[in-house]
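[1] coords please:
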Amino acid sequence: MSGDRILVTGGAGFIGSHLVDQLVAEGRAVTVLDDLSTGERENLAEAQARGDVRLIEGSVLRQDALDAAMEGCGAVFHMAVQSVRRSLGRPVENHEVNATGTLLTLEAARRHGIGRFVYCSSSEVYGNASDGILEEDRTVCAPVTVYGAAKLAGEHYTLAYGQTYGLSTVVVRPFNAFGPREHDRGDMAEVIPRFVIRVLNGLPPVVFGDGSQGRDFTHVTDTARGLRLAADCAALTGRTVNIGHGRLVTVREVAEAVIRACGRNDLAVDFAAPRPGDVYRLTAGTQRAAETLGFAPRVGFDDGLRDYVSWFRAHRPDPSQMLEADVANWKMPE
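    Sure, this is the predicted structure:
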């Protein structure tokens with residue numbers, strides 16, 4: 001990346017704010033574009049206290065916001081996104097943010113002469129193509145939700161801008177990030193925070209399906225580090241790279257680990273009907289990241305979970321206020 005400012009769209013969100021933290025730690029000046037629909041100002045408080053972080057409140061669907069945000073920037077990390085659960089009930093809106101928003105951001109990057117464009121995709125693009133190791137060029141993507149399909153469309157747009165307009169691009173497919181600041185409310189809430197909230201309230205974690213479905217849980221600091229490394233890697237220009245731990249953890253194992261980490265061994269896991277459009281298993285093939293980036297995860301699942309529970313207790317002192325009546329945090333269209 002050049003010495004100019006760096007734009008992080010969605011930088012007030014979960015992964016985006018950790019990326020901002022790491023960029024600031026390197027002495028980078030950062031502009032964040034975020035509509036704060038799911039991101040939070042407080043996620044940027046530490047970075048703003050330590051470095052040059054400018055927040056522009058606006059949407060990637062607005063050209064004026066994109067133009068203002070890209071002023072003086074040499075690189076873009078496109079992190080702005082709507083979640084997979086929201087796509088179940090609002091498929092068109094989800095497409096607009098995740099696919100159209102990516103196209104508009106790419107076009108603004110082209111017009112502003114951005115030197116490097118990093119697109120943060122998702123392991124959900126793989127869908128149920130395979131329950132084995134997922135590799136960037138060998139596994140055929142088969143998304144099962146509008147979210148996954150829209151993120152895959154964003155990948156194609158990103159690579160096409162490299163081919164057609166010469167924009168220096170790289171696509172990063174993070175697997176399931178977890179850790180501090182993870183979304184814990186509403187349809188953005190992820191599985192680990194939801195389990196922690198229930199267990200700290202003395203209630204069993206609820207698993208949708210039989211719990212044999214699994215994910216490659218990767219600590220958010222590792223995810224952010226992988227994104228940074230990909231931005232600086234010339235060998236990945238016009239290519240795609242997985243960023244994951246390379247280890248599958250089933251949802252049932254996650255629930256049992258949360259029970260242990262919270263010290264509530266008196267509880268047991270509850271089960272409910274499967275979530276619509278759920279992907280069975282996602283495990284990252286990590287060879288490309290290791291060979292091209294020298295990337296290896298530094299935080300294991302068990303250590304990361306214990307650290308997250310400690311962070312949660314410190315930052316969410318009254319979990320009773322966070323308990324939601326409905327265990328299903330999505331709605332299907334009427």
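[2] just the pLDDT for residue 162.
    Looking at residue 162, its pLDDT reads 98.
[3] and for the closest residue in space to residue 72 that isn't next to it in sequence, the neighbour number?
    Spatial nearest neighbour of residue 72, chain neighbours left out: residue 5 (4.9 Å); criterion: Cβ to Cβ, 6 or more residues apart in numbering. Any C-beta I mention is one placed from the backbone N, CA and C, and that applies to glycine too. The number of residues packed near residue 5 is 20, by other Cβ atoms under 10 Å.
[4] phi, psi of residue 5?
    Backbone dihedrals for residue 5, given as degrees, to the nearest 10, come out at phi -60, psi 160.
[5] hang on, residue 38 packs against residue 184?
    No: the pair residue 38 / residue 184 is not scored as a contact, 11.3 Å apart, by Cβ atoms under 8 Å.
[6] beta-bridge partners for the residue nearest to residue 72, please?
    As for beta bridges, residue 5 partners with residue 73 under DSSP bridges.
[7] check the one 4 residues further on too.
    Note on residue 9: beta-bridge partners by DSSP bridges are residue 33, residue 78.
[8] surely it and residue 73 touch.
    No: between residue 9 and residue 73 there is no contact under Cβ under 8 Å: 10.8 Å.
[9] more neighbours: these two, which one.
    residue 9 (31 against 23).
[10] show the contacting residues for the more buried one.
    Contacts for residue 9 were tallied using Cβ atoms under 8 Å, 6 or more residues apart in numbering; they are 16, 32-34, 60, 69, 76-80, 105.
[11] adding neighbour count, pLDDT and distance to residue 316, write those residues out as CSV.
    Formatted as CSV, the contacts of residue 9 follow (neighbours: other Cβ atoms under 10 Å; pLDDT from 0 to 100; distance: Cβ to Cβ, whole Å):
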residue, neighbour count, pLDDT, distance to residue 316
16, 28, 98, 20
32, 30, 98, 23
33, 30, 98, 27
34, 29, 98, 22
60, 27, 98, 29
69, 28, 98, 31
76, 30, 98, 32
77, 30, 99, 27
78, 26, 98, 29
79, 30, 98, 23
80, 27, 98, 25
105, 28, 98, 32
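[12] follow-up on the earlier one: ok, the residue nearest to residue 72 to residue 75 distance?
    8 Å (Cβ to Cβ, to the nearest Å).
[13] tell me which other helices or strands whichever strand or helix holds residue 95 touches.
    In the assignment (DSSP states H and E), residue 95 maps to helix 91-95. In terms of contact count using 3 or more Cβ pairs under 8 Å, 6 or more residues apart in numbering; DSSP states H and E, helix 91-95 is assigned the packing partners helix 84-89, helix 146-165.
[14] buried set for it?
    91, 94-95 (16 or more other Cβ atoms under 10 Å).
[15] once you drop chain neighbours, what's closest to residue 12?
    Nearest-residue entry for residue 12: residue 39, 3.1 Å, with adjacent residues in sequence omitted and distances by Cβ to Cβ, 6+ apart.
[16] equivalent analysis for residue 290, please.
    Per Cβ to Cβ, 6+ apart, closest to residue 290 is residue 296, 6.3 Å.
[17] that neighbour touches residue 244, doesn't it?
    No: Residue 296 sits out of contact with residue 244 when judged by Cβ under 8 Å, with a separation of 11.0 Å.
[18] and these two? which has more neighbours close in?
    Remark: of residue 296 and residue 244, residue 244 carries more neighbours, 28 against 12, as counted by other Cβ under 10 Å.
[19] SS state for residue 229?
    helix (DSSP: H, G, I helix; E, B strand; the rest coil).
[20] contact partners for it?
    Residues near residue 229 by Cβ under 8 Å, 6+ apart: 293-295.
[21] what score does the nearest residue in space to residue 295 that is not next to it in sequence have for pLDDT?
    Spatial nearest neighbour of residue 295, chain neighbours left out: residue 289 (4.1 Å); criterion: Cβ to Cβ, 6+ apart. Note on residue 289: pLDDT of 98.
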